[in-house]
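A.B. asks: Could you look at this predicted model? Sequence included:
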Amino acid sequence: MEFLDYQQENKELKKANRILQKQLERSEVDRVKLEETNEKKEYLLRKVITELKEYQNNLEERSHELEMMLLNLQIMQNKMSSLGSLVADVAHEINNPLGFIEGNLTPAQEYIQNLLHLIDLYQETYPQASQEIQEIIKRMDLEYVREDLPKLISSMREGTNRISNISSSLRTFSRIDTEQKVLFNLHECIDNTLFILKHRLKDNKIRPTIQVVKSYGDIPPIPCFPGQLSQVFMNLLANAIDALDESNSGLGFDEIKKSPNQIIIHTARNKDENQALISIQDNGVGMSPDIQQKMFSHLFTTKPVGKGTGLGLSIAYQIIVQKHRGTLEVKSVLGKGSEFIISIPIF
Ligand SMILES: Nc1ncnc2c1ncn2[C@@H]1O[C@H](COP(=O)(O)OP(=O)(O)O)[C@@H](O)[C@H]1O
Ligand SMILES: [Mg+2]
């Protein structure tokens, strides 16, 4: 009986042992599996950590670059604003000596006329001049001097007028706008900018003068920041000149003369008479649809380093849209030309 019990017990123990063995085996398999997945997880985690570190490094580099760029922009902005006030000051200073010259021209002209009249009178009264006087009259070519003096004076007057125009254009362009908009004549703004760009429009060895065709509509002074609007016109006109110069490449002077470089500036009021429309059109290289999509982006340029900054259009857009609640649109055909259309509220 005891032996039977013992046998039974032994059997059960063996069974229990087998079960335990199985469980042990299974848990060993589980353990191996777990280890494997752990290794995998660890591997993945390490990979993610390395990637994150790389990403962080890139971000740090990028943020450093952006910081540098911002600093450069601030330096540029600072320089521009001091240049702006310097230009305004110099332009103002020029007016002072210019005033002397202008002021003296009128009496000078009068004195000269009086002196010439006096000479006439002498000649009438004493037709027989002495030998010495006759010789001097001949040597100085009195007839020529009499003819040339008034021309000389009017050319001096023309010179002072031009200096005065340059000075007032520079002052409008570099004016530091106040916080409040002021009523300003758009056409004056455009003309001032054209005046400053005169040297770039003028003919050179490569091409004839760029024709500027103006057709100004009836637009009242509009509330605006004139200094900023001048900047917009400057950016658009400078781009038009660049586009024209680019379109001339490979062409000779005479070929360009046949189909001249042209900038057409047209202004009008919209139908509702509540917006001023300004269109600046060139027959330069034009733009592909791809470039048209990117052109307003900050720092986008197709020009070589040193020539383009990619800031012109993005700044023009901000000035028109954000500062003046207007719109800036473009129509362009590659190889034909571009037209930029600004619309600004009149009231
Ligand atoms: N009138 C235009 N004709 C052709 N392309 C133009 C014209 N205006 C602008 N673009 C294009 O848009 C780009 C961006 O202009 P902008 O922001 O003024 O920068 P930048 O003149 O310094 O290149 C130019 O590089 C040029 O490719
Ligand atoms: Mg530009």
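C.D. replies: Structure received. Ligands and ions are numbered 1, 2, ... in the order given.
A.B. asks: centroid residue for this structure?
C.D. replies: Nearest to the mean C-alpha position of the chain, counting by C-alpha atoms, centre = their mean, stands residue 312 at 2.7 Å.
A.B. asks: and that one, what is it in contact with?
C.D. replies: Residues in contact with residue 312 (C-beta atoms under 8 Å, 6 or more residues apart in numbering) are 235-236, 238-239. Using the backbone N, CA and C atoms, a C-beta is placed for each residue, glycine as well.
A.B. asks: Could you measure from residue 203 over to ligand 1?
C.D. replies: 20 Å (C-beta to the nearest ligand atom, to the nearest Å).
A.B. asks: State the phi and psi torsions of the residue nearest to the centre of the chain.
C.D. replies: Residue 312 adopts backbone torsions of phi -50, psi -60, taken as degrees, to the nearest 10.
A.B. asks: follow-up on the earlier one: just the buried members of the contacts of residue 312?
C.D. replies: 235-236, 239 (16 or more other C-beta atoms under 10 Å).
A.B. asks: taking the residues you listed one by one, which sit in helices?
C.D. replies: Applying DSSP state H to the buried ones among the contacts of residue 312, the entries found in helices are 235-236, 239.
A.B. asks: Name the nearest of those residues relative to ligand 2.
C.D. replies: residue 239 (4.4 Å; C-beta to the ion).
A.B. asks: Does that closest one touch residue 310 like I think?
C.D. replies: No - between residue 239 and residue 310 there is no contact under C-beta atoms under 8 Å: 11.2 Å.
A.B. asks: give me the number of residues near residue 248?
C.D. replies: 17 (other C-beta atoms under 10 Å).
A.B. asks: isn't it right up against residue 261?
C.D. replies: Yes - when contacts are counted by C-beta under 8 Å, residue 248 is listed as touching residue 261 (7.0 Å).
A.B. asks: Common neighbours of those two, please.
C.D. replies: Shared contacts of residue 248 and residue 261 (C-beta under 8 Å, 6+ apart): residue 207.
A.B. asks: Can you give me the distance of the residue of the stretch 201-347 of the chain found nearest ligand 2 to residue 296?
C.D. replies: Nearest residue of the stretch 201-347 of the chain to ligand 2, counting by C-beta to the ion: residue 312, 2.9 Å away. Going from residue 312 to residue 296 by C-beta to C-beta, to the nearest Å gives 10 Å.
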